[in-house]
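Student: Fold the following and give me the result.
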Amino acid sequence: MTKRIISNNSDITVTSDTTLSNSFIGDTMQICVVTRDLYRMLEQFTRIGVGPWRIYTFDQNTVRDQSFRGERRPHSHRLALAWSGTTFWEVIQPLHGDTIYTEWLERHGEGIQHVAQTCGALTFDERIREFGRRGYSVTQSGNFEGKVRFAYVDTEDTTGFAIELIDFPDGYDMPEPEEWYPAPPPK
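Tutor: This next block holds a predicted model:
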């Protein structure tokens, strides 16, 4: 077994060909691109075969407990979701208010802003505590429809992107979207 001492003097060991002794992240379930123009970006994804897209508005009417950098701050954005295999893609266009998405666009322009991780069997609150224990704080959070909690962990400076944690309740199905792009699936 190979051991390596890392900068914080932790002793981390390789436990298998896919894990370390401190592994907890789990599967990547979502990749998110932030854009200034939702429909232009969806058109490009559709050209490479990703879609159909479900489009939603996330605002004070659909998301409870909105926070940004530790403060209750209302904001809104349009988002689109589409599956590709077991991963779902998300495209977000910020509309109003301060968010990690507007910060990303100002600093980096359009591109992959976050990925969502499953974190194995850890509960949502345990995931947040584990990231906190490792020195990472929550930058933005909310609760979609009062059912799906989500939080973004500020890993951008160390990984180049944020990590999103999502708590889908058992048996949860996304609501019917406001719109489909380019069209709804056949029934």
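Student: okay, which residue is most central for the chain?
Tutor: By Cα atoms, centre = their mean, the chain has its centre lying nearest to residue 164, at 3.6 Å.
Student: so which strand or helix has the closest residue to that residue other than its chain neighbours?
Tutor: What sits nearest to residue 164 in space, not counting adjacent residues and going by Cβ to Cβ, 6 or more residues apart in numbering, is residue 116, at 4.1 Å. For glycine as for every other residue, the C-beta is placed from the backbone atoms N, C-alpha and C. Taking DSSP states H and E as the criterion, residue 116 maps to strand 111-117.
Student: How far away from the center of its chain is the helix or strand following that strand?
Tutor: Next along the chain after strand 111-117, taking DSSP H and E as the criterion, comes helix 124-133. Distance of helix 124-133 from its chain centroid, counting by Cα atoms, centre = their mean, to the nearest Å, is 15 Å.
Student: tell me which strands and helices helix 124-133 is in contact with?
Tutor: strand 148-153, strand 162-167 (3 or more Cβ pairs under 8 Å, 6 or more residues apart in numbering; DSSP states H and E).
Student: Next, the angle strand 162-167 makes with the first one.
Tutor: Same thing as strand 148-153. Strand 148-153 and strand 162-167 are oriented at 160 degrees to each other (axes from the mean of the first three to the mean of the last three Cα atoms, to 10 degrees).
Student: List the buried residues of strand 148-153.
Tutor: 149-153 (16 or more other Cβ atoms under 10 Å).
Student: measure the residue nearest to the centre of the chain to residue 183 for me?
Tutor: 28 Å (Cβ to Cβ, to the nearest Å).
Student: ok, now residue 87?
Tutor: According to Cβ to Cβ, residue 87 stands 22 Å off from residue 183.
Student: In this protein, what residue spans correspond to helices?
Tutor: 38-47, 100-108, 124-133, 156-159 (DSSP state H).
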